[in-house]
Structures are given as C-alpha cells and as structure tokens.
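# no sequence on this one, just coordinates:
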C-alpha cells in the first residue's frame, strides 16, 4: 500500500521500504507550495553515500570536501589520498561499499529520496547549496546533507530558539506562545523541536506572528513525531519549515534528540529556555548554544516550581534573565520601536486554538468579587483548594464556583495533584 501525498504522486512501489506502520505519522500528505530544485541523480547519490556513511564524521567529511571539491571527487580518490587529508578511519568509511539506510538497500533508498525530493516544497540541501542554512556553517561540524520541507527563506532568517519542558505548566505554555509571537512579529524566525509542551506552543505562537518558525526534528523528514502533532506539522509545512539531518524513514530514537538539539542551537542566534527541570534536555540545548557562542536566555519562575529549577541554574551560570520579549530583542539589537512597527505589518493569521473551546472571551467575562479574591490568593505559585480556602475564607461551594469561572476565562488552570495556578495572558 502506498502513502498518499497531497503534493505529489502516490509512491506505490517505494513507501513499503520504510516499513511505516502508522500512515498518520507520515508527512507525505503535508501541504506544500514551492517547486523543489532539480537534483542531479549522480551527485545526489554521492552526497547520500558520504552523508550516511557509517563512521565518517561530519568534520572529517568537510575536510575531504574542502580538499577535493565535491563528493564525486572524494569518492574517486585513493585510500592514501583520503587518509592523508583526514585519517585512515575516515578514508575507510568514505570508500566502503554503501550500506542499507534504515533497513532499505542503498539503491532503493536513492530512488525513494529522488521521489520524495520531486514533490513540491521537499528539498535536499547539501553544504554546496546556497540554500543551506548559513548559520549552521558557523558550526565546526555542520551536517553535510539536510532534508527540508516548507519555506527555504526561513532557513536564512535571523533566528531565536525557544525550547523547554515537554510537561510544561499552563503559564509556561502561554509564555512560550506569547514570546514566540512577539519575536516573530519583530522579524525573528523561531526555531524549536516539535516536541510536546513548550516546543509546540512556541511553534504555534511564531506561526501567528509575521515571520514564522522552523522545526528541527529528530526523525526522518517524512515522519511526524509525536503523532499528536500531525495537524501542527501540516501548518509548519505550509507556513514554516521542517528540517532533519536523519535519513527518510528514521523513527524516533532517544539518541537522536541531543543531536537534534545541536542543530536547534546552531540555527539560532540565541536560545530561550522557558521552563526546564534540572535534568531537562533543554539544558543540553543551552549548553550547546553556549559552546557555539550563542546567547542563552532564561525565564525565571517560582522557587517552589520544579520546572523553574533548570532556568534558575542557567541564570546562576550566566544566562540572561528575561521577563519580556523586549529583553531578548535588545540582545539581538532590534529596537522596540522597530519591533512594534513589524507587529503592525504582521500578516493576518487565524487565532491559535490553544485557548479555544469552553473559554469565555474577555468581553463575556466579568470577574466577581469572589473570583478576584481567589485570583489574588493564588499569586504566582500553584496552590491547593485547602490553601486557597484558608487564604480567602471562602466556603467550598463558593470557592469551587469562583475557580470554575476563572478556569472558563482562561485565567486559572488546574494542575495535577489538585493544585491550581494563575495564568497570565497577553
């Protein structure tokens, strides 16, 4: 059975090669609008052979390409020449017969890539392409080949990464969305990783802004992970960009995500951590960004919140404490007046569904005295019903009614363990 595509032919004879079990997890049907560049099959074959050669590190491959001019030239050289330029291990890896890629015979994989790249807005980018992200070229070991889907112009834009916890608080999700939209309106592309929580909220906020967003993923560009983000991936393919260094058909593997974080850091002029626990993968992204000379920003939180501990640690280590999007823009050298003008010119977009159904609009919501007391009692840290009852002197029924009113308006969110937290809205 083939994989239906909304922007290209049905791949009846190739899709089975990737052993895709869940068609809802593919990006083959994502909408796209640009024509992919024409690829030379022999050149692509040489790039793919070297890019996916086991044991050939990107830094060594870059040295070989610099010495000999291109992938076909590298493959035509002798073992001695390659070993003299890089080392024996790199020479052996480069000249080894091509192995299967994700369980697919190499020749069949080439056919599959050519078919994928022939679909509108699907691109294979190599170090030799002008469309290769220039920011990645400042890394010592940029990937030799990238799979891209969507708007290539975003890959050259000034960018800021926004990352954080997968299990984010309602306030963290709102902060990520608000910062992303403001930074996008100011002319910065927002880079993130399509993960649950902060990443997804950042992508959605940036899509609502004027510039857009780039999703760097840890799977093949033909897959969506997590599957719950299939709709978001549609939006990214249409109005943003999806980028992967992994071969088509690569499933989600835990070992891939730290490497994905390296590209997120490399694509960006700075990385903003919204919420992070002490062992969060976002701290890896922050460390990599710092090693690359990128700015690191962190939003502080309550001293009682586990998801603030990672941010507080970064701030202690020298990350820039930020409270507003303007704090980030200042470090990027973008005046607030310029950012405001850019926001005025922002193209109209549908409102995100993140605050959709069962929420009262501001016009519909008139906060009564009890709800106002509860909101004031919550402050900036989560609290249980018992604590709120003690702080407000409201009986159970009145307190529950006030909390329900606040939840429906989107000003309060319920957390695990019977706790409630105030949500600051933009």
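Looks like it came in fine. Quick caveat: nothing in here was measured; it's all calculated off a predicted structure. Numbers count the residues shown, from 1 in each chain.
# element containing residue 399?
Using DSSP states H and E, residue 399 maps to helix 396-408.
# which stretches of the stretch 101-250 of the chain form strands?
122-126, 145-150, 159-163, 189-192, 213-216, 241-244 (DSSP state E, counting those that start in this stretch).
# no, scratch that, I was asking about the stretch 301-426 of the chain
320-321, 383-384, 412-415, 419-422.
# hmm, back to that, against which helices or strands is the helix holding residue 399 packed?
helix 369-378, helix 385-392, strand 412-415 (3 or more Cβ pairs under 8 Å, 6 or more residues apart in numbering; DSSP states H and E). In this view, the C-beta of every residue, glycine as well, is placed from N, C-alpha and C.
# quick one, which of the strands of the stretch 301-426 of the chain is nearest to residue 240?
For the strands of the stretch 301-426 of the chain, the distance to residue 240 is smallest for strand 320-321, at 25.9 Å, taking Cβ to Cβ.
# relative to the closest one, what are the paired strands and their orientations?
Sheet pairing of strand 320-321 (DSSP bridges) gives strand 295-298 (parallel).
# pLDDT on the partner strand, on average?
The average pLDDT for strand 295-298 rounds to 97.
# quick one: contacts of it?
Residues from elsewhere that reach strand 295-298, judged by Cβ atoms under 8 Å, 6 or more residues apart in numbering: 269-273, 286, 289-290, 311-312, 314-315, 318-322, 327-328, 331.
# give the buried subset of those residues as a PyMOL selection command.
Restricted to buried positions by 16 or more other Cβ atoms under 10 Å, the PyMOL selection for the contacts of strand 295-298 reads:
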select buried, resi 269+270+271+272+273+286+289+290+311+312+314+315+319+320+322+328
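# that older thread, now the helices and strands packed on helix 396-408 as CSV including mean neighbour count and distance to residue 186?
As requested, these are exported to CSV (neighbours: other Cβ atoms under 10 Å; distance: least, Cβ to Cβ, whole Å):
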stretch, mean neighbour count, distance to residue 186
helix 369-378, 18, 30
helix 385-392, 15, 38
strand 412-415, 16, 28
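# any idea of the mean pLDDT in stretch 170-183?
The average pLDDT for stretch 170-183 rounds to 95.
# could you export the strands of the stretch 301-426 of the chain as a markdown table, including distance to residue 125?
Below are the strands of the stretch 301-426 of the chain laid out as a markdown table (distance: least, Cβ to Cβ, whole Å):
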| stretch | distance to residue 125 |
| --- | --- |
| strand 320-321 | 31 |
| strand 383-384 | 50 |
| strand 412-415 | 40 |
| strand 419-422 | 42 |
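# and those strands as CSV, adding mean pLDDT?
As requested, the strands of the stretch 301-426 of the chain are exported to CSV (pLDDT from 0 to 100):
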stretch, mean pLDDT
strand 320-321, 97
strand 383-384, 82
strand 412-415, 83
strand 419-422, 83
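# hmm, residue 307 is touching residue 166, no?
No. Applying Cβ atoms under 8 Å, one finds residue 307 not in contact with residue 166, separated by 10.5 Å.
# look at these two and report which has more neighbours.
residue 307 (23 against 16; other Cβ atoms under 10 Å).
# skipping its backbone neighbours, what lies nearest the more buried one in space?
Using Cβ to Cβ, 6 or more residues apart in numbering and skipping residues adjacent in sequence, the residue nearest residue 307 is residue 275, 4.1 Å away.
# enumerate every residue touching the one you found.
164-165, 168-169, 172, 175, 197-198, 299, 301, 307-308, 310-311.
# now render the strands of the stretch 101-250 of the chain as JSON lines, adding distance to residue 393 and mean neighbour count.
Formatted as JSON lines, the strands of the stretch 101-250 of the chain follow (distance: least, Cβ to Cβ, whole Å; neighbours: other Cβ atoms under 10 Å):
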{"stretch": "strand 122-126", "distance to residue 393": "62", "mean neighbour count": "24"}
{"stretch": "strand 145-150", "distance to residue 393": "55", "mean neighbour count": "26"}
{"stretch": "strand 159-163", "distance to residue 393": "41", "mean neighbour count": "30"}
{"stretch": "strand 189-192", "distance to residue 393": "44", "mean neighbour count": "30"}
{"stretch": "strand 213-216", "distance to residue 393": "46", "mean neighbour count": "29"}
{"stretch": "strand 241-244", "distance to residue 393": "53", "mean neighbour count": "26"}
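# before we move on, back to that, which ones among the contacts of residue 275 lie within helices?
Counting by DSSP state H, these place 172, 175, 198, 307, 308, 310, 311 in helices.
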